[in-house]
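[1] 3D, please:
(4 chains)
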Protein chains: 2
Amino acid sequence: MDKEQLSKLIDRYLASSFTVNRRLSAITRDLLPDELTLDQSAALRYLRDNGCTTSSELAEIFCVGKSSITAIITRLSDKSLIERVPDEKDRRVTYLKATPEGERLTRQFDSKLEEMLCEYLSHFTDQEAFGFIELYEKLAAALVQARAESESEENR
Amino acid sequence: MDKEQLSKLIDRYLASSFTVNRRLSAITRDLLPDELTLDQSAALRYLRDNGCTTSSELAEIFCVGKSSITAIITRLSDKSLIERVPDEKDRRVTYLKATPEGERLTRQFDSKLEEMLCEYLSHFTDQEAFGFIELYEKLAAALVQARAESESEENR
DNA sequence: GCGATATAGTTCAATAGTGAAACTATTCGA
DNA sequence: TCGAATAGTTTCACTATTGAACTATATCGC
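    All right, here's what the predicted structure looks like:
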């Protein structure tokens, strides 16, 4: 691919991803239960699906500092949607865990979200949908890979 | 596609888009000039590429209230990166316009961004890249369409 | 033309997320 | 055992966001 083409492709990517992200976020926010923000729901979903997790791990996953995570989980904890479970062995670490109420809330939200996304999926053939998601996952994997590499470089 | 498959597909979409968005935002933030935030750079790029634009239009595009836009453009204006140009005919409206300095800054940033994205693009064949972007654009178009429809419904 | 109504944009108060730096408590390693 | 590393919190300053109240201007119906 020549440089000109590449540059156009990137412009198209930036434009589409901006539109998709902004609009999907807005629609998603409308479906959110009153007691949750978008970031809080993402954290809660992660905890629900990945079991006991530490603040540091969440910070990695969310690509933010640990103090941001402290803020988010404090708010979730104040609403009794998550629990802090101290590690028995290493008393510095505390695991985070969705409470039953937190789990219930995210499941309910997820089913609304699914319904909404189904509508947009109907614009695509099965083949298109699968093709798209496979490439999206490949991109995600490349980004995770890159992070891991730049980290191992730091420790040299 | 049966319901089970659909549900799995949506889970995969949510997971990939979360990863891609978080990681790309983090990488992009690192490339950003000190005087700009991510949202400010997005606003500035939009103004650069779309000429004179009103606050109301920006609010639509960004899917936020007008007061958010006021805040963003005030910060950009304080840094002399945009100009407010009052409409001659309708004195309620003011057009927004990137200053030469604002334009310079975004172009410089864009070229860094392009370089960075090129690296990730190298994981894909040309055919994959074009296929992906076409589907992404289709999704973006579907979301814009949906917004337009729900608006015309409101005015019935 | 005039009054009601709509529209464009700002201001203000409250809240969430963020990074950076300082800090506490704990563990680990030489 | 002492010094360095690690997990997590606190604090501070700042940005983005919403919603409501507000100002100024334009438009519509009579």
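
[2] Just the local confidence number for the residue nearest to A:Ala26 when sequence neighbours are not counted, please.
    Closest residue to A:Ala26 apart from its sequence neighbours, by Cβ to Cβ, 6 or more residues apart in numbering or on different chains: B:Cys63 at 3.9 Å. All C-beta atoms are positioned from the backbone trio N, CA, C, and that covers glycine. pLDDT recorded at B:Cys63 is 96.

[3] And for A:Ser122?
    A:Ser122 is assigned a pLDDT of 87 by the prediction.

[4] For the residue nearest the centre of chain A, list the residues it contacts.
    Geometric centre of chain A, nearest residue: A:Ala42, 5.2 Å, by Cα atoms, centre = their mean. Contact partners of A:Ala42, counting by Cβ atoms under 8 Å, 6 or more residues apart in numbering or on different chains, are A:Phe62, B:Phe18.

[5] Shouldn't it be within a helix?
    Yes. When classified by DSSP: H, G, I helix; E, B strand; the rest coil, A:Ala42 is found to be part of a helix.

[6] and it, how far is that from DNA strand D?
    Separation of A:Ala42 from DNA strand D (Cβ to the nearest atom of the strand, to the nearest Å): 15 Å.

[7] what residues does chain A put near DNA strand D?
    A:26, A:29, A:54-57, A:66-67, A:69-71, A:73-74, A:84, A:90, A:92-95 (Cβ under 7 Å from any atom of the strand).

[8] what about the helices in chain A?
    For chain A, the helices defined by DSSP state H cover A:3-31, A:38-50, A:55-62, A:66-78, A:100-121, A:126-154.

[9] Including distance to DNA strand C, could those helices go into JSON lines?
    Formatted as JSON lines, those follow (distance: least, Cβ to the nearest atom of the strand, whole Å):
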{"stretch": "helix A:3-31", "distance to DNA strand C": "11"}
{"stretch": "helix A:38-50", "distance to DNA strand C": "3"}
{"stretch": "helix A:55-62", "distance to DNA strand C": "6"}
{"stretch": "helix A:66-78", "distance to DNA strand C": "3"}
{"stretch": "helix A:100-121", "distance to DNA strand C": "14"}
{"stretch": "helix A:126-154", "distance to DNA strand C": "14"}
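
[10] Could you identify which of those is most buried?
    Most buried of the helices of chain A, by mean neighbour count (mean count of other Cβ atoms under 10 Å in any protein chain shown): helix A:38-50, with a mean of 19.

[11] Compute the inter-axis angle for that one and helix A:3-31.
    Put simply, helix A:38-50 runs at 90 degrees to helix A:3-31, going by axes from the mean of the first three to the mean of the last three Cα atoms, to 10 degrees.

[12] Convert helix A:38-50 to PDB, retaining C-alpha atoms only.
    Provided in PDB are the C-alpha atoms of helix A:38-50 (Å, rounded to 0.1, in the frame of the first residue of the first chain):
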ATOM      1  CA  LEU A  38     -20.200   3.900  32.100                       C
ATOM      2  CA  ASP A  39     -16.800   3.400  33.700                       C
ATOM      3  CA  GLN A  40     -18.300   1.900  36.800                       C
ATOM      4  CA  SER A  41     -20.300  -0.500  34.800                       C
ATOM      5  CA  ALA A  42     -17.200  -1.500  32.900                       C
ATOM      6  CA  ALA A  43     -15.300  -2.200  36.100                       C
ATOM      7  CA  LEU A  44     -18.200  -4.100  37.500                       C
ATOM      8  CA  ARG A  45     -18.600  -6.200  34.400                       C
ATOM      9  CA  TYR A  46     -14.900  -7.000  34.500                       C
ATOM     10  CA  LEU A  47     -15.100  -8.100  38.100                       C
ATOM     11  CA  ARG A  48     -18.100 -10.200  37.400                       C
ATOM     12  CA  ASP A  49     -16.500 -12.000  34.500                       C
ATOM     13  CA  ASN A  50     -13.000 -12.400  35.900                       C
END
